[in-house]
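Asks: Have a look; sequence and predicted model below, questions after that.
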Amino acid sequence: MTQIDKVLKNHDTSIKPIWIMRQAGRYLPEFREIRAKNPNFIKLCLNEKLSTEITLQPLKRFDLDAAIIFSDILMIPYGLNQKVEFKKGIGPILGDLNLENILNVNESDFIKKLQPVYKLVNLIKNNDLTRNKNTIGFVGAPWTLLVYMINQKSPKSGLKNNFFKDKNFIGKTLKIIEKFSKLHIKNQVESGAQIIQIFDSWASLLNEKDLPNYVYEPTIKLVEYTRSLNVPTICFPKGIKKYKDYCETVKPDAICIDYEADPKEILKDIKIPIQGGMDPKILLTDKDNLRKEAKKYLEIFKDHPYIFNLGHGVLPETDPKMMNYLVKMVKDY
Ligand code: CP3
């Protein structure tokens, strides 16, 4: 059994495994080197030779307990033939969403388009560097995908004015997202993914009264579906205020908390395994502070099943030496 399986399945509290969201990415010079030669991000994700190399880059440097495949949550809209581009300094830009078009996408075309992602999962699962470690696949939660597909860009400065205008359109789009997310999960699992993390990066945009409709209900369907495949889920509803309600309603196998969640409150409220929490900005300070902050999470969760991670992705400005220090420290703890 892997370290992470012991925490997720046996609720072992004697070990504190570690992996990091965005562990493969721009803070690594070897990633930037490949990225500079591959200006089309989607194409890079669909090049299984390069995406395998990128996925393994952090495992060559650090003693991490899992590999998360190098891909993106926006591969689903891409698979549904919505245009997806990544613009330097801006982020993702999506084309117009046409309901007729996405209703007409068939499953085999979707799978064919995303086949390199499934090949990547298989290559990672079977690589020597992941022996006795977990291969993590992922999807965006339906709400977060809906946000990108309708808003057509990051909603950093809020959602489009008429975002909620056409409820029928929203309902139908959510159904399609659910159907193809299940297909994407199934294909990752059949290719070797042993855990599915569900990223709900924009859960915090909703009022509390809208959470059941847009966050809880669609996510429950994915959690239950993944469970039917005998694979655990880790849910990350970033910025949500009521983690307790979320866990009791959605019932994931583990919950990933963001950096604004108070770990002491979380410990009191939540019974299932917990992951993450530390602010990625701590890695931009100094080693003493990093040690102190990481220790805080390890101490608070010492008698609780806990997987060390951050409260969001590692920042591009992070010095890989700080990452090395963190991983070593958690491993020696
Ligand atoms: O190491 C890993 O965690 C695996 C790879 C991974 C990426 N994106 C690679 C990536 C994962 C798990 C994601 C998930 C993802 N993608 C989320 C959920 C997590 C979160 O950050 O909240 C979201 C919202 C996206 C959508 C997305 N993709 C955005 C907003 C951006 C641009 C801004 C940014 O933060 O980088 C991307 C591009 C992206 N996805 C990059 C990487 C390494 C950067 C690409 C580049 O080099 O320009």
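Replies: That came in fine, so what should we check first? Everything numeric in this text was worked out from a predicted model, so none of it was measured. Residues are numbered from 1 along each chain as shown.

Asks: tell me the contacts of the closest residue to the ligand within the chain?
Replies: Ranking the residues of the chain by distance to the ligand (C-beta to the nearest ligand atom) places Ser201 first, at 3.2 Å. Quick note: C-beta positions are derived from backbone N, CA and C, even for glycine. For Ser201, the contact set (C-beta atoms under 8 Å, 6 or more residues apart in numbering) comprises Ile73, Gly140, Thr144, Phe236, Lys238.

Asks: And Lys221, by the same measure?
Replies: The contact partners of Lys221, by C-beta under 8 Å, 6+ apart, come to Glu178, Lys182.

Asks: can you start the count at 126 instead of 1 from here on
Replies: Sure thing, new numbering starts at 126, so read that last one as Lys346.

Asks: Look up how far Ile323 lies from it.
Replies: 11 Å (C-beta to C-beta, to the nearest Å).

Asks: For the stretch 176-325 of the chain, just list every one of the helices.
Replies: Along the stretch 176-325 of the chain, the segments classed as helices by DSSP state H, counting those that start in this stretch run 200-204, 224-228, 232-250, 267-276, 292-315.

Asks: now those helices in a markdown table, with mean pLDDT, distance to Cys170 and mean neighbour count?
Replies: Below are the helices of the stretch 176-325 of the chain laid out as a markdown table (pLDDT from 0 to 100; distance: least, C-beta to C-beta, whole Å; neighbours: other C-beta atoms under 10 Å):
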| stretch | mean pLDDT | distance to Cys170 | mean neighbour count |
| --- | --- | --- | --- |
| helix 200-204 | 98 | 7 | 22 |
| helix 224-228 | 94 | 20 | 12 |
| helix 232-250 | 98 | 7 | 19 |
| helix 267-276 | 98 | 15 | 24 |
| helix 292-315 | 97 | 13 | 18 |
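
Asks: would the residue of the chain closest to the ligand count as being in a strand?
Replies: No - counting by DSSP: H, G, I helix; E, B strand; the rest coil, Ser326 falls outside a strand, being coil.

Asks: Now do it, the pLDDT please.
Replies: pLDDT, Ser326: 97.

Asks: now do Val455
Replies: pLDDT, read off for Val455, is 98.

Asks: what sits against it?
Replies: The neighbourhood of Val455, defined by C-beta under 8 Å, 6+ apart, consists of Lys141, Ile143, Ala419, Leu423, Phe433.

Asks: Please apply the same query to Leu222.
Replies: Gln207, Met274, Ile275, Gln277, Thr298.

Asks: who's in contact with Leu440?
Replies: Taking C-beta under 8 Å, 6+ apart as the test, what Leu440 contacts is Tyr152, Pro405, Lys406, Leu408, Leu409.

Asks: Need the helices of the stretch 176-325 of the chain in CSV (columns: distance to the ligand).
Replies: Supplementary listing: those in CSV, determined by distance: least, C-beta to the nearest ligand atom, whole Å:
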stretch, distance to the ligand
helix 200-204, 9
helix 224-228, 19
helix 232-250, 11
helix 267-276, 6
helix 292-315, 12
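
Asks: who wins for proximity to Arg352 among those helices?
Replies: Closest to Arg352 of the helices of the stretch 176-325 of the chain is helix 292-315 (C-beta to C-beta; 10.8 Å).

Asks: from the chain's centre, how far out does that closest one sit?
Replies: What separates the centre of helix 292-315 from the centre of its chain is 16 Å, taken as C-alpha atoms, centre = their mean, to the nearest Å.

Asks: now stretch 290-308
Replies: For stretch 290-308, the distance to the chain centre is 20 Å (C-alpha atoms, centre = their mean).
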